[in-house]
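> Have a look at this prediction, sequence included:
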Amino acid sequence: MVNLTIDGKEVKVGKTATIYEAAKEAGVHIPVLCYAKKLLPYGACRICLVEVEQMKGRLIPSCTTPATEGMVVTTMSDEIRKVRKTVLEFLLVNHVIECPVCDKGGECDLQDLTYEYEVISNRFEGEKFDLPKDEINPLIERNMNRCVLCGKCARVCDEVVGYGSYSFINRGFETKIATAFDRGLNCEFCGQCVSMCPVGAILPRPFKFKARPWQLKEVNSVCGYCGNGCTVTLGTKDNEVQTIRFNDKTGVNDGNLCIRGRFGASYVNSDKRLTSPLIRKNGELVEASWEEALETVATGLRDAGSSTGILSGARLTNEELFLVKGLAKAVGTGNLDHSGGECYKGVTQGLQETLGLQASTATFPQVENAKAILAIRTDFYETHPVFGMVVNQAVKRNDAQLTVIGDKQGKLTRMPHARTLQHKPGLEVNILNAMCRFLLDEGLAKIDGLQGVEELKVALADYSVDAVAAAAGVDAAAIKQTARELATVENAAILLAYGLPYTANSRELGLAAANLSLLTGIAGRAGSGLYLCGEKSNSQGAIDLQILPAAGALGASGMLKAASEGKLKALYVAAEDMLVSYPDKSLVEKALEKTSFVVVQDIFLSETARKADVVLPAASFAEKSGTVTNAERRIQRLNPGIKSPGQAKSDFAIFQALLSALGATAPADEAAAFAELSAATSGYEMVSLDMVGDQGYVWGSDNLAPEMRNLVAVAGGKAIEAKYQLVVGSSLYHSGTTSLHAKGPMAVVAEPYIEFGREDAAELKVVDGDLVKIKAAGGVISAKAKVDRRLPKGVLFAPYHFGALDLNRIYHGQAAIAVEVSK
Amino acid sequence: MFREFAKGLSITLKHLLPGNSTTVDYPKVKLEMSPRFRGLHRLVPTQTREKCVACYLCPTVCPAKCITVESAENEQGEKYPRVYKIDLLRCIFCGYCVEACPVEAIEMSDEYELANYKREDFNFEKERLLR
């Protein structure tokens, strides 16, 4: 600790703190332009100059100078005021004064400082900037005439996002921020630069000229897309979410957001939202009153009784999922499941059988201090971009060694000194097994207190590193080196994302990853962690609340199979578009057709909803309160920013009404439901709603200790023999099927595509935009081709979000699909 | 005491003489307004468009909350008020909007004959204010 005096106040701060940080702690305000909490100190703007008693004779930049013992700091004097004013005058020489039409006006740091320091005239003269604007891309508008060269955009893009779009070019007065070759911006459009810019140089284009900052009502909530649970601040006006603002003061994940979080919320304002209950009459869905709809649903479910199937999405809140369970109980059925029923088995079975847990063992920020990180599947960045940014920070700031086990390249594999174990599709488990075997053979494994070591040794006989390396097409030395690192470094992390497009080998992958985490000692050790991250915003909550089939009852795939044979009388589908996102479309189609009573509860008239007998209009994340649990077990609160359109009701209100129509009792409101569910859910027992603050509440503490340490042998996969193999996954710009209604993601990726590697594209003479046909068992799909350099020879990739692609005609949950390609 | 009384009355009587009346024979005669009179608002046009850039300062400063602005982007990529409306029934003619305007796009004319028959007619839209 270091003691210093700032403006007469005694302050005690950590060794690494700068004067600025110390002042902040002491409650002394020092103005800044180029400083940001999450970026490394830079010292570009010279606004934060202060006087230090021990360094007389010049002013000291407080944001880059470390606080030292006995320092006496003065943050304001006549000289400081004069110098700061001069700095502002310099900035305003070239800065175009167009505050009335600049969307930053009202929350602009330069504007505020100019006002505070009363810069009403300028002693210097110079030409105003007249640089062209970058308006090519639909999401981020850059107007470099307003730039103050603080470099925050370049730094956040490099340090946090790891994309590196921007850099300073030219020298002296000509200096500006530009992209490579000064072309239009073409990046992953996370918009982190937008949130960092202190002036109006980088602005969100969808929000252009929509409103002034002071007109927006700000509501902190949780992003409704993936399991990262980033805090989004809804900027609402006129009962619409006008824009998404960020919260880097109190928000979870440092206020970092990706394209979906920042630009993907516009679906809540869509005019295609369902506004009234619909009932099928004479073969047509017609609008009906809530009373009639609820009565119909209650009657239908009562008639079906135990042969009802309930399928829920993982974007409902914990409270709503609790009522889903109540609904299943009231109807008298055990057929309850979520998210397709297969993809999460790595958690519910894999981790359960080995660690006795059903959740990730540590929190996201701990990864920043990891020295070795193993990401299973490159798609981890695509499904969880903001967690990917944490990984990037570990690699860049902590010099962590990142290893990626993936069947293709991706953002993660391009990170500095990342090691890629690029294998044939479907062989992840084999590689993990080989690592386990290597650790056991070399005596590096921490086997104290582990059960099943001998059995595992026997079972891994076939998984020698060399054999696996040869079969998977991976460098054997890389496998060994990775395993050694994971076992020997102080802090390490294993990351695995799961979701609807990753159905194959789900349980096996969970087991293999858990085995590795046990042998390396990662599981349960503070600072290290095994992360199994769900694709949706409340995937973890759905598992915590056990939205799973009761003993002996049917899971999702069982329900669909039974339904397709006409054995189910009713299906209740909440917040899922099964026809688009579930594997095996033909089966889902048949199930919907054969089931006499289908209820769909959704915010859009999805493909599945079109086949329903009753459609109930629900509310989006921006319209409801409740809690969700993210992939690091952080329980966070949703806060409503707007009202639902038309007669749409929150899922909570719908279930409540339905339960009372069925004669069952329901909690009076979300708070009461949380109290009930926390009492009934393991891990939540001690949690009350007032413990869930701005940063949420991590149940089971930052490091969740395993209940048991049991190694379970698991068989690896087999590579399929086919010239062309299609792998299915998630696209960075989309999440589930909801983002297809959002303007931001659609502006970047509007259509389905089939991705080809360069070699295959050259061989097949396919170029970007060509229409290609993919034939496989189950049917033929066609889409435009996209040629990139991510894929090895013989492997194609297709994102699963688009209903128009009909991908699930040929995707039935395989790790890779043998396909034939034609133009 | 009588003297003072007579003196006062003489001033009064003086005013009764023809030519000394201050009453204006409205509506036949109309007063010329002083330059700083605050009458009906006027949006200043330029050659091609309104001068207003829809910065929202006038609705923000307006104490009566009578100004409605909706900004949008025109074909040249400029910010312009798609909607500019003043509800004169709420307006208190304080002139803060004129003072706040950074581009001198709104001024107050000497027009004060604003009586009308219907409430709707007091909603002055952009087209009317641009005259």
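Perfect, I can see it now.

> contacts, neighbours, all on C-alpha from now
Fine.

> where does A:F655 fall, helix, sheet strand or coil?
Classification of A:F655 using DSSP: H, G, I helix; E, B strand; the rest coil returns helix.

> burial count for the residue in chain A that chain B sits nearest to?
Residue of chain A nearest chain B, by Cα to the nearest Cα: A:P100 (4.8 Å). By other Cα atoms under 10 Å in any protein chain shown, 19 other residues sit near A:P100.

> For it, which non-adjacent residue is spatially closest?
Of all residues not flanking A:P100 in the chain, B:C55 sits nearest, at 4.8 Å (Cα to Cα, 6 or more residues apart in numbering or on different chains).

> Just confirm the one you found is within a strand.
No - membership of B:C55 in a strand is not supported by three-state DSSP, which gives coil.

> gap between it and A:Y115?
According to Cα to Cα, to the nearest Å, B:C55 and A:Y115 sit 18 Å apart.

> And these two? Which one has more around it.
B:C55 (26 against 11).

> Please save the CA atoms from stretch A:436-449 in PDB.
As requested, C-alpha coordinates have been extracted for stretch A:436-449 and formatted as PDB (Å, rounded to 0.1, in the frame of the first residue of the first chain):
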ATOM      1  CA  CYS A 436      -5.500 -36.800 -20.100                       C
ATOM      2  CA  ARG A 437      -3.500 -39.900 -21.100                       C
ATOM      3  CA  PHE A 438      -0.300 -37.800 -21.500                       C
ATOM      4  CA  LEU A 439      -0.700 -36.300 -18.000                       C
ATOM      5  CA  LEU A 440      -1.200 -39.700 -16.500                       C
ATOM      6  CA  ASP A 441       1.700 -41.200 -18.400                       C
ATOM      7  CA  GLU A 442       4.100 -38.400 -17.500                       C
ATOM      8  CA  GLY A 443       3.100 -38.300 -13.900                       C
ATOM      9  CA  LEU A 444       2.000 -34.700 -14.300                       C
ATOM     10  CA  ALA A 445      -1.600 -35.400 -13.300                       C
ATOM     11  CA  LYS A 446      -2.700 -34.300  -9.900                       C
ATOM     12  CA  ILE A 447      -4.300 -37.600  -8.900                       C
ATOM     13  CA  ASP A 448      -4.500 -37.100  -5.200                       C
ATOM     14  CA  GLY A 449      -8.100 -37.600  -4.100                       C
END
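
> how about that stretch: buried residues?
For stretch A:436-449, the neighbour count (16 or more other Cα atoms under 10 Å in any protein chain shown) marks A:436-440, A:444-447 as buried.

> Might you report the residue contacts of the residue of chain A closest to chain B?
By Cα atoms under 8 Å, 6 or more residues apart in numbering or on different chains, the contact list for A:P100 reads B:53-55, B:102.

> So which of the buried residues of stretch A:436-449 sit within helices?
A:436-440 (DSSP state H).

> Would you convert those residues into TSV that also reports distance to chain B and pLDDT?
Below are those laid out as TSV (distance: Cα to the nearest Cα, whole Å; pLDDT from 0 to 100):
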residue	distance to chain B	pLDDT
A:C436	60	96
A:R437	63	95
A:F438	62	96
A:L439	62	96
A:L440	66	95
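
> Chain A - how does it break down into domains?
The domain map for chain A lists A:2-76, A:125-269, A:278-339+A:540-681, A:344-535, A:724-822, with the assignment taken from automatic domain parsing.

> can I get those domains in CSV with distance to B:R38?
Output for the domains of chain A, formatted as CSV (distance: least, Cα to Cα, whole Å):
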stretch, distance to B:R38
domain A:2-76, 41
domain A:125-269, 28
domain A:278-339+A:540-681, 39
domain A:344-535, 55
domain A:724-822, 45
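
> closest one to A:Q695 among those domains?
Nearest of the domains of chain A to A:Q695, taken as Cα to Cα: domain A:125-269 at 5.5 Å.

> Show the average pLDDT along the longest strand seen in chain A.
In chain A, taking DSSP state E as the definition, the longest strand is strand A:779-787. Mean pLDDT, strand A:779-787: 95.

> list the buried ones in that strand?
Buried-residue list, strand A:779-787, by 16+ other Cα under 10 Å: A:780-787.

> For A:K773, which residues are in contact?
Contacts for A:K773 (Cα under 8 Å, 6+ apart) come out as A:780-783, A:821-823.

> and if we set it to 6 Å?
Going by Cα atoms under 6 Å, 6 or more residues apart in numbering or on different chains, A:K773 touches A:781-782, A:821-823.

> hey, where'd the strands end up in chain B?
For chain B, strands defined by DSSP E occupy the ranges B:41-43, B:67-73, B:79-87, B:106-108, B:123-124.

> Hmm, I typed the wrong one, I wanted the stretch 601-750 of chain A.
Under the criterion DSSP state E, counting those that start in this stretch, the stretch 601-750 of chain A contains strands at A:614-617, A:626-629, A:634-638, A:697-698, A:724-729.

> which of these is buried the deepest?
Looking across the strands of the stretch 601-750 of chain A with neighbours counted as mean count of other Cα atoms under 10 Å in any protein chain shown, the highest average goes to strand A:614-617: a mean of 30.

> Packing partners of that one?
strand A:278-281, strand A:597-602 (3 or more Cα pairs under 6 Å, 6 or more residues apart in numbering or on different chains; DSSP states H and E).

> distance between it and the chain's centre?
Taking the mean of its C-alpha atoms, strand A:614-617 sits 28 Å from the chain's own mean (Cα atoms, centre = their mean, to the nearest Å).

> One more: stretch A:744-755?
Relative to the centre of its chain, stretch A:744-755 is centred 18 Å away, using Cα atoms, centre = their mean.

> Around chain B, pick out the residues from chain A.
With Cα under 6 Å from any Cα of the partner chain as the criterion, chain A comes near chain B at residues A:100-101, A:209.

> Considering these, which is situated nearest to A:N318?
Minimum separation from A:N318 among these (Cα to Cα) is found for A:F209, which lies at 37.1 Å.

> if I pick that closest one, what's in contact with it?
Counting by Cα under 6 Å, 6+ apart, A:F209 touches B:71-72.

> In three-state terms, how would it be classified?
Secondary structure for A:F209, judged by three-state DSSP, is coil.

> Which strands or helices does the top helix by length along chain B pack on?
If you go by DSSP H, chain B has its longest helix at helix B:2-16. Of the remaining helices and strands, none touches helix B:2-16 by 3+ Cα pairs under 6 Å, 6+ apart.

> mind saving the C-alpha coords of that helix as PDB?
Only the C-alpha atoms of helix B:2-16 are listed here, as PDB (Å, rounded to 0.1, in the frame of the first residue of the first chain):
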ATOM      1  CA  PHE B   2     -58.000  72.600  -3.000                       C
ATOM      2  CA  ARG B   3     -55.100  73.700  -5.100                       C
ATOM      3  CA  GLU B   4     -53.600  70.300  -5.400                       C
ATOM      4  CA  PHE B   5     -57.000  68.900  -6.200                       C
ATOM      5  CA  ALA B   6     -57.600  71.400  -9.100                       C
ATOM      6  CA  LYS B   7     -54.100  70.700 -10.400                       C
ATOM      7  CA  GLY B   8     -54.700  67.000 -10.500                       C
ATOM      8  CA  LEU B   9     -58.100  67.400 -12.200                       C
ATOM      9  CA  SER B  10     -56.600  69.700 -14.800                       C
ATOM     10  CA  ILE B  11     -54.200  67.000 -15.900                       C
ATOM     11  CA  THR B  12     -57.100  64.600 -16.200                       C
ATOM     12  CA  LEU B  13     -59.200  67.200 -18.100                       C
ATOM     13  CA  LYS B  14     -56.300  67.900 -20.400                       C
ATOM     14  CA  HIS B  15     -56.300  64.300 -21.500                       C
ATOM     15  CA  LEU B  16     -60.000  64.500 -22.400                       C
END
